[in-house]
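1. Dropping the sequence and predicted coords here.
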Amino acid sequence: MNSSRRQVLQGSTGMAVMGLAVAAGLFKPGSAWAQAWNKAAFDTKSMADTVKAMGGTGATESKDIVINSPDIAENGAVVPFTISSKLPKTQQIALLVEKNPNMLVANFSIPDGTEAGVTTRAKMGQTSNVVALVKADGKFYYTTKEVKVTLGGCGG
Amino acid sequence: MADPMKIRAAMSGDKVEVKILMSHEMETGQRKDAKGANIPAHFIQTVTATHNGKVVLSADWGPAVSKNPFLSFKFGGGKPGEKVSVTWVDNKGDKRTDEATIS
């Protein structure tokens, strides 16, 4: 955290300035970035709801999507995933963990010219099915894989 | 301000392979501290990577992405010496941009 920003926030004049900025619509708390971020999709608890929140109607299972991850993850706090899609015109790749408090972990938008594959690391609370959801040419496809977790990553 | 990202961008065949390691606590909001109070969520929400002003990958993340997130992907059309820029924004509005040169 930037120390000068702290001082601005603490000072009463700073608060007044912030208040003005809010009133003028320059700085809307929480809304500026939340618009770009699809909150509805991240609140979902099932794959069907996630697809709906992303603007789709349903998903078809596909063998052209590959989830590369360990079958047994020792540490649920850091589970590496590589998801790649061979579907033509892949636009979006999302990673979902079925038994996490909220299913959606991450959603990647793939523009033209970028390979349809991403690698990242996710937290898993317990052994669960993992879903890779891919939007290609306007339609949704998915594939699932079970990953066993010996030590959960969401506990205190 | 958050610590800088570690970004590597290297040619892999005719594509550019980008590897990014961000420094962020990625707090889920589900955990409690020693006194039983909730630790508020604090996580990266959006990540954008650009090359020559063109977006080559954008991502929306939830709190279930691991602490100190790692991300890797490949894109076409890059040449050695050009720059790849990556920006993240978290749910508190903090943000950070870093650059790497393609090797």
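-> Noted; the coordinates are in hand.
2. Report the residue spans of chain B with pLDDT below the cut-off.
-> Low-confidence regions of chain B, defined by pLDDT under 70, span residues B:1.
3. So, low pLDDT: which residues of chain A?
-> A:1-36, A:152-156.
4. Please enumerate the strands of it.
-> Per DSSP state E, chain A carries strands over the ranges A:59-61, A:65-68, A:72-73, A:79-85, A:90-97, A:104-109, A:114-122, A:128-136, A:139-149.
5. now the longest one and strand A:90-97, what's the angle there?
-> Strand A:139-149 runs at 30 degrees relative to strand A:90-97, counting by axes from the mean of the first three to the mean of the last three CA atoms, to 10 degrees.
6. State the helix or strand in which the closest residue in space to B:Asn91 that isn't next to it in sequence lies.
-> What sits nearest to B:Asn91 in space, not counting adjacent residues and going by CB to CB, 6 or more residues apart in numbering or on different chains, is B:Gln45, at 5.3 Å. Any C-beta I mention is one placed from the backbone N, CA and C, and that applies to glycine too. For B:Gln45, the host element (DSSP states H and E) is strand B:44-51.
7. Tell me what angle that strand forms with strand A:114-122.
-> Using the same axes, to 10 degrees, the direction of strand B:44-51 lies 150 degrees away from that of strand A:114-122.
8. Tell me who's in contact with the closest residue to A:Pro111 other than its chain neighbours.
-> Nearest non-adjacent residue to A:Pro111, counting by CB to CB, 6+ apart: B:Val55, 5.7 Å away. Residues counted as contacts of B:Val55 (CB atoms under 8 Å, 6 or more residues apart in numbering or on different chains) are A:111, B:48-49.
9. List the beta-bridge partners for B:Val55.
-> The partner list for B:Val55 in beta bridges (DSSP bridges) reads B:Thr50.
10. I'd like to know how far it sits from A:Ala40.
-> B:Val55 sits at a distance of 23 Å from A:Ala40 (criterion: CB to CB, to the nearest Å).
11. Distance of A:Phe140 relative to chain B?
-> Distance, A:Phe140 to chain B, using CB to the nearest CB, to the nearest Å: 16 Å.
12. neighbours of that residue, just the number please.
-> Residues within reach of A:Phe140, counting by other CB atoms under 10 Å in any protein chain shown, total 21.
13. still on that earlier bit, report the angle between the strand holding B:Gln45 and strand A:104-109.
-> Using the same axes, to 10 degrees: strand B:44-51 against strand A:104-109 is 20 degrees.
14. Can you tell me the closest non-neighbouring residue to B:Trp61?
-> A:Ala106 (4.8 Å).
15. wait, what's in contact with the one you found?
-> With CB under 8 Å, 6+ apart as the criterion, the residues that contact A:Ala106 are A:94-95, A:120, A:122, B:59-62, B:64-65.
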